[in-house]
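Enquirer: How does the following fold in three dimensions:
(one chain, ligands or ions: 1)
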Amino acid sequence: MTKSALQIARAAYQPKVPAALKGAVKAVDGAYTESVADQDDIKKLFPNTYGMPVVTFEKSNEKKELPAMNVGVILSGGQAPGGHNVIAGLFDGIKANNAASRLYGFILGPGGLIDHKYMELTADIIDEYRNTGGFDMIGSGRTKLETKEQFDKGLEILKELDIKALVIIGGDDSNTNACVLAEYYKAINAGVQVIGCPKTIDGDLKNEQIETSFGFDTACKVYSEVIGNIQRDCNSAQKYWHFIKLMGRSASHIALECALQTQPNICIISEEVEEKNMSLDDIVTYIAGIVAKRAAEGHNFGTVLIPEGLIEFVPAMKRLIAELNDFLAKHDAEFKMIKKSEQRAYIISKLTKENSDLYASLPEGVARQLSLDRDPHGNVQVSLIETEKLLSEMVGKKLAEWKAEGKYVGKFAAQHHFFGYEGRCAAPSNYDADYCYSLGYTASCLIAAGKTGYMSSVRNTTAPADKWIAGGIPVTMMMNMEKRHGEMKPVIQKALVKLDGAPFKKFAANRDEWAMTTSYVYPGPIQYFGPTEVCDEPTKTLQLEQAK
Ligand code: FBP
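Expert: The predicted model follows:
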């Protein structure tokens, strides 16, 4: 396989790890824990794994010889930079405890466990993938591991391979399911420990105990590099407004972090839109207002960042989508009989007044998308909606009205971008390479300590890696009860952008200035070699959140 010069050089990079992980390690149990909410319900659902203590790993003076142990690993959900380093850290950790231990990777996500598709991960394979992006060492998938049948089927192969511990690398849902699996295996005395690792570029798996999910750092740096490049082009040609949609299924952490890194003219934060009960028209008026003000100063250019999940946070759109979902589920056959050219008018005639007016105001393409593309559960696939085009089209319309009324004088030409897949498999930044390797190594320590139902945790990561704190957090500690598909379920709380948190406050305090003054920052590409202040800087989000 041909490799780039950077790939070859990067393979030799030694991830930095917490000082405590550099030799023999001992587990120190803290106080017993409670779940963040709904303690009685969670306790009842997790009688064997509820209330366990937080664990911290410290340096030990005695090296204990541990028995050889086979371990399995699964990558679950969307790709995130650093996944391979979690596996490399886990591999090195179990081998350090006993060279005869083996690591098995289940292929293409949780489905590999159920379908008994696996491969042994030997030193040669691991070495090929150290410090690389992607999940292609074993692949990933979105199969949900949640039924007893799946757990039992999985146990068959775990027994066959003599696997005593399973590490599931995933987001909030996958880690919730990992905990349910841990509870089940403990309840039936299966002899298999289950450990989770916090992954997702979306950055929404974090809480008091987990500082950040891995991949967020690298993905945001990649997007910020390209946004910076666009801003430089924008400021050079001074003729376009760039509407840039950024991945992040639900929360706006990525858009916010990129805004903090690049200082665009506009960034929309979904959580604020919801909080202020803003309509689509309010958002459009806000953007058009800034476009008009800049035009009055002779600046007919700018940048707008838009989070991928925005539509679902606009309360009126949420209501429209809910009514459309219901209506089309009930009248599917009748709807399909209507001629394509008449479908829009048909829907407008059937919805309640508020939703009908909103639907009628949407551009043709978006209206069509809302009525056509549905997922297997009958829901509109909001992530397919081209919000960047929707907003620029509506802004263009508003500006034309304002022009006719003499309220706006300027030119408005838009370019559109969507950044998501460009960053999900990037070569991990030093932060992610170090953080991921440490998470994997910590998982091996949790296994050695006999723990199950824990998430691997590495904290204090704005300090030099030497001072990072490795440990484990009982997953039940992060849980509450939420309604999912009409039923109350125990789940890890998803972290949305906090409007009273330091990152949003910093953005809010500066956005009016950034709107008018063209204060673009150009972060440039991720640097893997060079001075630590250039190569090791954590995200602005983390720095602001952790500032003492
Ligand atoms: P995870 O939460 O599983 O890590 O995935 C995050 C994500 O990258 C979102 O930002 C995005 O909306 C989604 O995955 C897209 O996934 P897919 O490529 O499977 O449609």
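
Enquirer: for the ligand, what are the nearby residues on the stretch 251-400 of the chain?
Expert: The stretch 251-400 of the chain comes close to the ligand at residues 308, 383, as judged by C-beta under 6 Å from any ligand atom. All C-beta atoms are positioned from the backbone trio N, CA, C, and that covers glycine.

Enquirer: low pLDDT regions in the stretch 251-400 of the chain?
Expert: Within the stretch 251-400 of the chain, the segments meeting pLDDT under 70 span 373-379.

Enquirer: Pull the lowest-mean-pLDDT helix or strand in the chain out as PDB, backbone CA atoms only.
Expert: Across the helices and strands of the chain, the lowest-confidence element by mean pLDDT, DSSP states H and E is helix 364-372, at a mean of 83. The C-alpha coordinates for helix 364-372 follow below in PDB (Å, rounded to 0.1, in the frame of the first residue of the first chain):
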ATOM      1  CA  GLU A 364     -40.200  24.400  -3.600                       C
ATOM      2  CA  GLY A 365     -37.300  22.000  -3.100                       C
ATOM      3  CA  VAL A 366     -37.500  21.900   0.700                       C
ATOM      4  CA  ALA A 367     -41.300  21.500   0.700                       C
ATOM      5  CA  ARG A 368     -40.800  18.500  -1.600                       C
ATOM      6  CA  GLN A 369     -38.200  17.000   0.600                       C
ATOM      7  CA  LEU A 370     -40.400  17.300   3.600                       C
ATOM      8  CA  SER A 371     -43.200  15.400   1.900                       C
ATOM      9  CA  LEU A 372     -41.100  12.700   0.200                       C
END
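
Enquirer: Downstream of it, the next helix or strand is which one?
Expert: Elements were assigned by DSSP states H and E; along the chain past helix 364-372, the next helix or strand is helix 387-404.

Enquirer: Could you quantify the relative orientation of that next one and helix 364-372 as an angle?
Expert: Here the directions of helix 387-404 and helix 364-372 differ by 140 degrees (axes from the mean of the first three to the mean of the last three C-alpha atoms, to 10 degrees).

Enquirer: from the middle of its chain, how far away would helix 387-404 be?
Expert: Distance, stretch centre to chain centre, for helix 387-404: 31 Å (C-alpha atoms, centre = their mean, to the nearest Å).

Enquirer: helices or strands next to it in the packing?
Expert: If you count contacts as 3 or more C-beta pairs under 8 Å, 6 or more residues apart in numbering; DSSP states H and E, helix 387-404 packs onto strand 241-246, helix 280-296, strand 302-307, helix 364-372, strand 414-419.

Enquirer: Run through who's touching that helix.
Expert: Residues from elsewhere that reach helix 387-404 (C-beta atoms under 8 Å, 6 or more residues apart in numbering): 241, 243-245, 280-281, 283-285, 287-288, 291-292, 304, 306, 308, 310-311, 362-363, 365-366, 408-410, 412, 414, 416-418.

Enquirer: Restricted to buried residues, select those in PyMOL.
Expert: Filtering the contacts of helix 387-404 down to the buried ones (16 or more other C-beta atoms under 10 Å) takes a single PyMOL command:
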select buried, resi 241+243+244+245+280+283+284+287+288+291+292+304+306+308+310+311+362+363+366+408+410+412+414+416+417+418
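
Enquirer: what does this structure put close to the ligand?
Expert: With C-beta under 6 Å from any ligand atom as the criterion, the chain comes near the ligand at residues 77-78, 80, 171, 200-202, 247-249, 308, 383, 424.

Enquirer: what's the most distant pair in those?
Expert: Spatial extent of the residues of the chain next to the ligand (C-beta to C-beta) is set by the pair 80 and 383 at 16.9 Å.

Enquirer: Quick check: closest non-adjacent residue to the residue nearest in space to the middle of the chain.
Expert: Residue closest to the average C-alpha location in the chain (C-alpha atoms, centre = their mean): residue 202, at 2.1 Å. With sequence-adjacent residues excluded and distances taken as C-beta to C-beta, 6 or more residues apart in numbering, residue 202 is closest to residue 248, at 4.9 Å.

Enquirer: if I've got this straight, residue 311 is in a helix?
Expert: Yes. Using DSSP: H, G, I helix; E, B strand; the rest coil, the secondary structure at residue 311 is a helix.

Enquirer: Could you report the distance from it to residue 294?
Expert: As judged by C-beta to C-beta, to the nearest Å, residue 311 and residue 294 stand 26 Å apart.

Enquirer: Do me a favour and average the pLDDT over the longest strand belonging to the chain.
Expert: Ordering each strand of the chain by length in residues (DSSP state E) puts strand 163-170 first. Mean pLDDT, strand 163-170: 98.

Enquirer: Next secondary structure after that strand?
Expert: Counting by DSSP H and E, the next helix or strand C-terminal to strand 163-170 is helix 172-187.

Enquirer: so the helix or strand following that next one versus strand 163-170, what angle?
Expert: Where DSSP H and E defines the elements, the next helix or strand beyond helix 172-187 is strand 193-198. Our comparison of strand 193-198 with strand 163-170, counting by the same axes, to 10 degrees, yields an angle of 20 degrees.

Enquirer: Name every strand pairing with strand 193-198 and say which way it goes.
Expert: Sheet pairing here is set by DSSP bridges, and for strand 193-198 it gives strand 163-170 (parallel), strand 454-459 (parallel).

Enquirer: And the next helix or strand after that strand, how far out from the chain middle?
Expert: Using DSSP H and E, the helix or strand that follows strand 193-198 in sequence is helix 216-237. Helix 216-237 sits 19 Å away from the centroid of its parent chain (C-alpha atoms, centre = their mean).

Enquirer: What residues sit buried inside helix 216-237?
Expert: 216-228, 230-231, 234.

Enquirer: Which one of those residues is nearest to the ligand?
Expert: residue 219 (8.2 Å; C-beta to the nearest ligand atom).

Enquirer: what sits against that closest one?
Expert: By C-beta under 8 Å, 6+ apart, the neighbours of residue 219 are 80, 81, 201, 247, 254, 423, 424, 426.

Enquirer: could you dump the residues you listed to a markdown table with secondary structure and neighbour count?
Expert: Listed next are these as a markdown table, based on DSSP: H, G, I helix; E, B strand; the rest coil; neighbours: other C-beta atoms under 10 Å:
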| residue | secondary structure | neighbour count |
| --- | --- | --- |
| 80 | coil | 35 |
| 81 | coil | 32 |
| 201 | coil | 31 |
| 247 | coil | 22 |
| 254 | helix | 30 |
| 423 | helix | 26 |
| 424 | helix | 20 |
| 426 | coil | 25 |
